[in-house]
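[1] Need a 3D model of the sequence below.
(chains A and B)
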Amino acid sequence: MNQKTNIEQLIARHLNGESTSADRETFKIWLESSEENRKLFYQIKDTWDASKKEQDNSKDALLRFYKRQAYQNNSVGKTLSLWKTIAGVAAVIAVVFFSAFLLNMLTRGEDVTGSKTELVSFKVPMGSRSQVNLPDGTNVVLNSGSELKYKGVFTNKNREVSLSGEAFFKVKSDKEHPFIVRTSDFDVEVTGTQFNICSYADDSFSKVSLLEGKVRIQLEKEKPAVGIAPGQQLYLNREEQKYSVSESDVEIESSWKGGEFRFKEIAFPELIKRLERWYDVRLTYTAPQLEEMLYSGNFRNQESIWQVLDALKLTTPIDYKKTGFREFEIRYKVK
Amino acid sequence: MTDFDQIFQSYYHSLFLYGKKFINNENDVYDILQEIFMVVWENKKYKLEDAHLKSYLFNSVRNSCLNYHRHRAVVNKHKGYEVFKELNFYKSGEKSLIEKEDLNNIYEAISLLKEDYKEVIELSRFEGLKNKEIAEKLNIPLRTVETRLFRALSALKKMLTQRQIFILVNMIFESD
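    Take a look at the predicted model:
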């Protein structure tokens, strides 16, 4: 083996964090021996670093930024005693301004509230999940490819959001002010509870599963709302526009929020869609035999799509082939 | 959305990836970015012109990483030393691909690689498999995986410096 491939392999192992101590010694000598080598290494490492596809979570980061900033501002105010007098004066001025503002607001009433209808939206890309804490203390976990929106007027009194995709809600209890989730199929109204909504635009169904508390689901205007109890699920068939309420394992339904991929007797087409969202891949199949299969399984998110497909291959007569960039084709294998 | 929010969202991810080049601990990178954006917020740096703001932000991350390692250099002398050299490499005018925002180009360049190379790059970078796992998966020797990975990286490097190839690639991608 020549010198060049040796160094190539050394660098590859180094970047992969798999070098042995002997490797490290050789690599170090090579690196130190010339500026050229060093430059070459940095350039390769740069491509390596840049090609890591990490999740973009800048929206969460922005919220975190505001939170931490508010906290730090508070603690600074307490320690700087020198600024206290100045702060006092500023406070008086602030009070004057604030009352002027208040007066202004009272006289203009609706105008002020009406102008602040900026749309706030949280979007989670395929292949990842995210959490949002709403101003009222409600916690929402969003699954892959979901979007949660609310008008800029979300307050403790006006709790209304809209959802496309799947989310688990832990709603802060407030009997006076109901929390409303709007989806393309129905509105869900609650006062304080934990539940899972799955309503993706590209699914043929939409469902609500209740873990705790009480929810009311408004399917059509003017019609009475449907209530479900903990441990129950409302399943809406979109094509037939028919719904049914049945017992369901809500633990399994909402297991995704803990990074687990669990499913019980779901049809193959649904499994495919869930895998596509979960792993951000494209899966295609043509065999009609596949449509009729039911699947149950349990994966933790550490498994790669390859491992999941391998597992399916072991238990069912399928085979798969990689057909492109994050694309797989699944075929039915005749026994 | 305010100016600040917009700037935060358009730069945060790249800055994070850039910081991750030099600092292994994600939480420490988050802390550094928090401080940098705090300064941006307080000094209204977001009013700066785009090109200035961008170099200001990336320089800030680089300097913060330098400081970070200076603090830790006492604890971990040798590791720190290596990172200083790498940081100085970028200080000397070299631009990182992240800084040049060529990330998307990278993904596209990958799709142009020879099938053998593309396969190992995808398994390694996107599926997060170790070299050994790739070797088992593809049923090829570990050495071959390593060589293919290296050659794939070198090929990428060549494509990424030739901007024209990218303009061409982008045009093809857009038109279909």
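
[2] what packs against the longest helix seen in chain B?
    Ranked by residue count, the top helix of chain B under DSSP state H comes out as helix B:50-73. Contacting helix B:50-73 under the criterion 3 or more Cβ pairs under 8 Å, 6 or more residues apart in numbering or on different chains; DSSP states H and E are the following elements: helix B:3-22, helix B:26-42, helix B:77-91. Glycine gets a C-beta too; all of them are placed from N, C-alpha and C.

[3] my guess is residue A:55 contacts residue A:125, does it?
    Yes. Assessed by Cβ atoms under 8 Å, residue A:55 is found in contact with residue A:125 at 7.2 Å.

[4] who are the neighbours in contact with the residue lying closest to residue B:68 once chain neighbours are set aside?
    Nearest residue to residue B:68, sequence neighbours excluded (Cβ to Cβ, 6 or more residues apart in numbering or on different chains): residue B:23, at 6.1 Å. Going by Cβ atoms under 8 Å, 6 or more residues apart in numbering or on different chains, residue B:23 touches B:29, B:32, B:65, B:68-69.

[5] Next up, the contacts around residue B:46.
    Counting by Cβ under 8 Å, 6+ apart, residue B:46 has contacts B:3-4, B:7, B:40, B:53.

[6] Count the neighbours of residue B:142 for me.
    16 (other Cβ atoms under 10 Å in any protein chain shown).

[7] Is it in contact with residue B:132, as I believe?
    Yes. Counting by Cβ under 8 Å, residue B:132 is a contact partner of residue B:142 at 6.2 Å.

[8] For the stretch 201-335 of chain A, which segments count as helices?
    A:250-253, A:268-279, A:288-291, A:305-315 (DSSP state H, counting those that start in this stretch).

[9] same deal with the stretch 51-200 of chain A?
    Counting by DSSP H, counting those that start in this stretch, the helices of the stretch 51-200 of chain A are A:58-79, A:84-108, A:110-115.

[10] which stretch in those helices has the least confidence?
    For these, the weakest mean pLDDT is recorded on helix A:110-115, namely a mean of 39.

[11] May I have the strand or helix carrying residue B:136 as CSV, with CA atoms only?
    Assigned by DSSP states H and E, residue B:136 belongs to helix B:131-138. In CSV, the C-alpha atoms belonging to helix B:131-138 read as follows (Å, rounded to 0.1, in the frame of the first residue of the first chain):
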residue,chain,number,x,y,z
ASN,B,131,-16.9,3.0,9.5
LYS,B,132,-17.1,-0.5,10.8
GLU,B,133,-20.9,-0.6,10.5
ILE,B,134,-20.6,0.7,6.9
ALA,B,135,-18.1,-2.0,6.1
GLU,B,136,-20.5,-4.7,7.4
LYS,B,137,-23.5,-3.2,5.7
LEU,B,138,-21.9,-3.0,2.3
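
[12] residue contacts, the residue of the stretch 51-200 of chain A found nearest chain B?
    Distances between the stretch 51-200 of chain A and chain B by Cβ to the nearest Cβ are smallest at residue A:58, namely 3.8 Å. Shown here is residue A:58, whose contacts under the criterion Cβ under 8 Å, 6+ apart are B:8-9, B:12-13, B:16.

[13] which parts of stretch A:267-274 are buried?
    For stretch A:267-274, the neighbour count (16 or more other Cβ atoms under 10 Å in any protein chain shown) marks A:268, A:271-274 as buried.

[14] I'd like the average pLDDT over stretch A:42-54.
    81.

[15] And stretch A:276-285, what's buried?
    In stretch A:276-285, counting by 16+ other Cβ under 10 Å, buried: A:276-281, A:283, A:285.

[16] quick one: contacts of that stretch?
    Here stretch A:276-285 makes contact (Cβ under 8 Å, 6+ apart) with A:125-128, A:143-145, A:200, A:256, A:261, A:268, A:272, A:275, A:301, A:304-305, A:308, A:323-324, A:326-332.

[17] Tell me the span between the first and last residue of it.
    Distance between the two ends of stretch A:276-285: 13 Å, counting by Cα to Cα, to the nearest Å.

[18] is whichever helix or strand residue B:159 is part of anywhere near chain A?
    If you go by DSSP H and E, residue B:159 is part of helix B:142-161. Yes. Interface with chain A: helix B:142-161 contributes B:143, B:146-147, B:149-151, B:153-154, B:156-157, B:160 (Cβ under 8 Å from any Cβ of the partner chain).

[19] and chain B, what are its domains?
    B:3-78, B:93-170 (the TED database).

[20] which stretch in those domains has the least confidence?
    Among the domains of chain B, domain B:93-170 carries the lowest mean pLDDT (a mean of 80).

[21] one step back: pipe the helices of the stretch 201-335 of chain A into JSON lines and attach mean pLDDT per row.
    As requested, these are exported to JSON lines (pLDDT from 0 to 100):
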{"stretch": "helix A:250-253", "mean pLDDT": "85"}
{"stretch": "helix A:268-279", "mean pLDDT": "87"}
{"stretch": "helix A:288-291", "mean pLDDT": "81"}
{"stretch": "helix A:305-315", "mean pLDDT": "82"}
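
[22] sorry, back to before: rebuild the domains of chain B as a markdown table, extending it with distance to residue A:295.
    Shown next, in a markdown table, are these (distance: least, Cβ to Cβ, whole Å):
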| stretch | distance to residue A:295 |
| --- | --- |
| domain B:3-78 | 35 |
| domain B:93-170 | 22 |
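
[23] and residue A:249, which of those domains is closest to it?
    Nearest to residue A:249 among these is domain B:93-170 (30.3 Å), distances taken as Cβ to Cβ.

[24] who are the neighbours in contact with residue 13?
    I went with chain A, as the question did not name one. For residue A:13, counting by Cβ under 8 Å, 6+ apart, the contacting residues are A:19, A:23, B:131, B:146.

[25] my bad, the chain I had in mind was chain B
    Here residue B:13 is in contact with A:54, A:56-58 (criterion: Cβ under 8 Å, 6+ apart).

[26] Just among these, which is most surrounded?
    Highest count within the contacts of residue B:13 by other Cβ under 10 Å belongs to residue A:58, 19 neighbours.

[27] sorry, back to before: which PyMOL command selects the buried ones in the contacts of residue B:46?
    Only the buried entries of the contacts of residue B:46 go into this PyMOL selection, using 16+ other Cβ under 10 Å:
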select buried, chain B and resi 4+7+40+53
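
[28] Tell me which two in the contacts of residue B:46 are the farthest apart.
    Largest separation among the contacts of residue B:46 by Cβ to Cβ: B:4 and B:53, giving 11.3 Å.

[29] and the residue positioned nearest the centre of chain B, how far is that from residue B:19?
    Centroid check for chain B by Cα atoms, centre = their mean gives residue B:98 as the closest residue, at 4.2 Å. Residue B:98 is 10 Å from residue B:19, where distance means Cβ to Cβ, to the nearest Å.

[30] most remote residue from chain B's center?
    Max distance from the centre of chain B (Cα atoms, centre = their mean): residue B:139, 30.7 Å.

[31] could you measure it against residue A:26, distance?
    28 Å.

[32] my read: residue A:207 touches residue A:236, true?
    Yes. Residue A:207 is within contact range of residue A:236, at 6.6 Å (criterion: Cβ under 8 Å).

[33] In the stretch 201-335 of chain A, which residue sits nearest chain B?
    For the stretch 201-335 of chain A, Cβ to the nearest Cβ, closest residue to chain B: residue A:304, 4.6 Å.

[34] That residue - nearest residue in space that isn't next to it in sequence?
    Residue A:304 sits nearest to residue B:127 (Cβ to Cβ, 6+ apart), 4.6 Å away.

[35] Could you measure from the one you found over to residue A:130?
    Where residue A:130 is concerned, residue B:127 sits at a distance of 21 Å (Cβ to Cβ).
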